[in-house]
Structures are given as C-alpha cells and as structure tokens.
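J.: 3D, please:
(one chain, ligands or ions: 1)
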Amino acid sequence: MKAMLCKAFGPPESLVLEEVPRSALGPGQVRLATHAAGVNFPDVLMIQGKYQFKPPFPFAPGAEVAGEVTEVAADVQNVKVGDRVMAMVGANGFADEAVAAAVACMKLPPHMDYATAAGFSMTYGTSYYALVQRAQLQPGETLLVHGAAGGVGTAAIDIARNLGATVIATGGNDDKLARVAKHYGVAHVLNYKTDPQWKDKVKTLTGGAGANVIYDAVGGDVLEQSLRCVAWNGRILVIGFAGGDIPKIPANMVLLKGCSLVGVFWGAWLGREPHVNRTNFERMFEWYEAGKLSPIVSHKFPLERAADALNAIINREVVGKCVITTGRD
Ligand SMILES: NC(=O)c1ccc[n+]([C@@H]2O[C@H](COP(=O)([O-])OP(=O)(O)OC[C@H]3O[C@@H](n4cnc5c(N)ncnc54)[C@H](OP(=O)(O)O)[C@@H]3O)[C@@H](O)[C@H]2O)c1
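T.: Numbering: from 1, shown residues only. Have a look, this model is predicted:
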C-alpha cells in the first residue's frame with residue numbers, strides 16, 4: 001500500500017510518498033480501500049510535532065477517511081466486506097488503505113460520494129452535537145456562526161437551517177463569506193476582521209435582542225465580543241480557537257447577560273455516548289438522502305499532492321472542506 005509518510009517533524013513539503021507493508025488486523029478492526037481522506041488543521045500540527053497526539057515515526061497524517069471495506073476481523077459484526085463507510089482513524093489516513101475500528105465506521109448513505117464522506121464525520125458530528133445536545137437550538141431562534149466558511153462553520157449552518165433557525169454568518173474573508181451565503185441562502189454575513197461594528201450589527205439584525213445561540217470556532221476577541229451580542233438565556237458554544245488565542249472571559253458579563261458558556265468536545269463525548277452519536281448520524285443521513293444537507297468540498301488533491309492540501313488549510317483558502325483522493329473513483 002502507498003502512504004504519505006512523515007519520517008521526521010517538518011513542513012508539509014517534508015512528507016514522502018512510499019510503499020509500506022500492510023499491518024495485520026487486530027480484534028474489532030477492519031481494512032478499507034481508501035477513496036478519500038479529510039484534511040484538518042491538526043494534521044498540520046501533527047507533522048510538526050505540535051499536536052498532543054504524537055504517533056511513532058513513520059506515520060501518515062489524516063484523521064478521517066472514506067472507503068470500501070476489504071477485510072474484517074473475525075469478531076466484527078456491524079460492517080462487512082464491500083460496505084461503503086466513513087471512519088475516524090486518528091492518524092494514517094493519507095494512504096490508499098486504512099485500518100479502522102469497526103465501531104468507528106458509519107455506512108454511507110447511498111447517494112453520498114466518497115470525497116464528501118471523507119470530510120463529513122468530524123465537522124457534521126461536532127456541529128450536530130453542539131447545536132442539538134449542547135445548545136438545544138430551537139426553531140425560530142437566531143444562530144450566530146463564527147468562522148462560518150470553515151469546516152465546522154459550514155456544517156453548523158447546514159444543520160441549523162434544517163432545525164429552523166435563522167443564521168448570521170461571520171468570517172474574515174468577504175469572498176469566502178459570499179460563497180457560503182450563496183450556497184446556503186444565508187441573508188446576513190459580517191466580517192469580524194474588517195468591520196469593528198459587527199457585534200452592534202448582530203444586535204440590530206436581531207431587533208436589539210442579540211443572538212440566542214453563538215457558535216464560536218474562532219476564539220480570542222471574537223468570543224469576548226460575542227458576550228456583548230448574546231441574547232438573554234443565550235448559549236455561547238465554545239468550539240475551538242482557530243484564531244490562535246484562548247480568551248479570558250469576564251465572568252461578570254456572563255452574569256449580566258444571563259447567558260451560558262457551553263463547552264463542546266465532540267471527540268470526548270463520542271467515547272461516552274457513541275449510541276447517541278450514531279442516532280445523530282442516522283438523522284443527518286436521512287436529511288442528506290432527502291437533499292436537505294449540502295456539504296461543501298472546495299478543494300480536492302490527489303494523494304501525491306498532500307503538501308498542497310495542507311498548505312491550502314494553512315493559507316485559509318478552503319471553504320467547507322479540503323480532501324485528498326486516492327484515484328480509486
Ligand atoms: N470542539 C470540538 O469538538 C471540535 C471539533 C472539530 C474542530 N474543532 C475546532 O474548531 C476550529 C475550526 O475547525 P475547522 O475544521 O472548521 O477549521 P477550518 O476549516 O480551518 O476553519 C477555521 C475557520 O476559522 C477562521 N479563522 C479565524 N482566524 C483564523 C486563523 N488565524 N487561522 C485559521 N483560520 C482562522 C477561518 O475563517 P476566515 O478565514 O474567514 O477568518 C476558517 O474558515 C479548530 O480550532 C478546531 O480545532 C473543535
């Protein structure tokens with residue numbers, strides 16, 4: 001099998017495509033012929049030795065894949081050879097084959113292609129859990145999505161429109177925001193980089209009330225300012241810190257606004273309540289088959305151009321997801 005290997009910590013250009021031996025399957029494992037792999041910022045951190053999880057050398061980056069099951073361990077019951085699945089694998093996804101835990105595999109809805117599936121698990125899994133289980137977003141409520149052009153941001157918008165919420169989207173790039181607005185029919189977009197009045201505009205757009213739920217994947221000043229445009233009984237979802245800064249929140253603002261700060265850690269919750277996560281995916285797959293979900297994959301690169309894929313993430317060029325394909329389609 002071929003894998004895009006990290007043999008020493010370094011930039012994307014230091015990855016090398018090599019033939020590597022297959023490992024034998026352990027109990028509960030399945031082998032996939034990988035068709036596509038999702039690209040995420042932690043992949044960049046992992047090859048530079050800056051991520052909390054450091055696999056032994058050599059390893060391939062890539063935490064999520066989609067492909068066809070080619071082999072299953074004797075004790076596996078939930079998937080079989082020939083099934084089309086998506087799976088979280090942690091690492092070693094940038095390869096033309098992958099080994100996954102059978103419990104981590106989700107069978108694809110019939111009409112979902114592999115490239116879409118490769119970028120679906122983490123973003124849609126996180127955003128559904130955040131909006132439904134953590135924020136309990138209600139029909140008619142206003143959702144403010146920060147980092148709206150990114151992977152989890154676009155997923156949040158896509159899910160929220162199915163939950164009957166009104167979306168206000170923010171980002172730092174007008175072109176990316178325009179593409180998201182057109183794709184999902186979002187009426188209001190604001191630029192947190194160039195428009196210092198964005199929080200006042202959220203108040204205006206909500207008739208002075210503020211946003212009921214704020215989905216924040218950016219952090220820093222964006223999270224701090226969100227406390228000034230959240231509604232009474234509002235929920236601010238702490239998703240991530242893509243901007244690089246973890247803010248210190250003035251607790252008096254949480255008191256004065258009568259709002260909640262709600263932490264979201266999908267990966268940890270997944271281990272605690274896998275059955276609820278599976279139910280979440282079943283509902284999203286129904287929406288997908290009914291044409292009610294529309295994930296965006298703005299960039300696709302062949303496996304040998306994995307460095308370009310990682311650089312597209314580093315340079316903030318991506319709208320929705322960037323994926324690597326192995327040429328099997
Ligand atoms: N809590 C969880 O369970 C969970 C799960 C998945 C991901 N996350 C976290 O959520 C965050 C977003 O993930 P993602 O997959 O959506 O990432 P992404 O696709 O790279 O999107 C991140 C967005 O953040 C914005 N951004 C603002 N400042 C940035 C900066 N300095 N560098 C890069 N982007 C910046 C960008 O929009 P503009 O260019 O328009 O500003 C970009 O669209 C990450 O921190 C990730 O670790 C958390």
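J.: check whether the helix or strand containing residue 215 contacts the ligand.
T.: Assigned by DSSP states H and E, residue 215 belongs to strand 211-216. No: applying CB under 6 Å from any ligand atom, one finds strand 211-216 separated from the ligand by no less than 9.0 Å. The way it works is simple: take the backbone N, C-alpha and C, and place the C-beta from them, glycine included.
J.: Okay, now the sheet partners of that strand, with direction.
T.: Each strand paired with strand 211-216, and its direction, by DSSP bridges: strand 142-146 (parallel), strand 230-238 (parallel).
J.: export those to JSON lines and tack on mean pLDDT?
T.: Output for the strands paired with strand 211-216, formatted as JSON lines (pLDDT from 0 to 100):
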{"stretch": "strand 142-146", "mean pLDDT": "98"}
{"stretch": "strand 230-238", "mean pLDDT": "98"}
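J.: Mean neighbour count for these - can I get that in TSV?
T.: TSV is the format used below for these (neighbours: other CB atoms under 10 Å):
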stretch	mean neighbour count
strand 142-146	29
strand 230-238	21
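J.: What distance do you get for residue 36 to the ligand?
T.: As for residue 36, its distance to the ligand is 16 Å (criterion: CB to the nearest ligand atom, to the nearest Å).
J.: So that residue sits against residue 68, correct?
T.: No: with contact defined as CB atoms under 8 Å, residue 36 does not reach residue 68; the gap is 11.4 Å.
J.: When these two are compared, which one has more neighbours?
T.: residue 36 (27 against 17; other CB atoms under 10 Å).
J.: Can you pull up the most central residue in the protein?
T.: Centroid-nearest residue in the chain, with CA atoms, centre = their mean: residue 123, separated by 2.3 Å.
J.: quick check: angle from the host helix or strand of that residue to strand 211-216?
T.: Taking DSSP H and E as the criterion, the element that holds residue 123 is helix 121-128. Counting by axes from the mean of the first three to the mean of the last three CA atoms, to 10 degrees, helix 121-128 lies at 160 degrees to strand 211-216.
J.: Need the residues that contact helix 121-128.
T.: Applying CB atoms under 8 Å, 6 or more residues apart in numbering, the contact partners of helix 121-128 are 38, 40, 63-64, 86-88, 106, 151-152, 154-156, 158-159, 215, 239, 264, 266, 270, 277, 280-281, 283-284, 293, 295, 321.
J.: average pLDDT across it?
T.: Helix 121-128 shows a mean pLDDT of 98.
J.: repeat for stretch 261-272
T.: Stretch 261-272 comes out at a mean pLDDT of 96.
J.: end-to-end on that stretch?
T.: Using CA to CA, to the nearest Å, one end of stretch 261-272 lies 21 Å from the other.
J.: So which bits of it are buried?
T.: 261-262, 264, 266, 269-270 (16 or more other CB atoms under 10 Å).
J.: ok, now stretch 75-87?
T.: 76, 79, 83-87.
J.: wait, doesn't residue 103 sit right on residue 76?
T.: No: here residue 103 lies out of contact with residue 76, judged by CB under 8 Å, at a distance of 9.1 Å.
J.: overlap in contacts of the two?
T.: residue 28.
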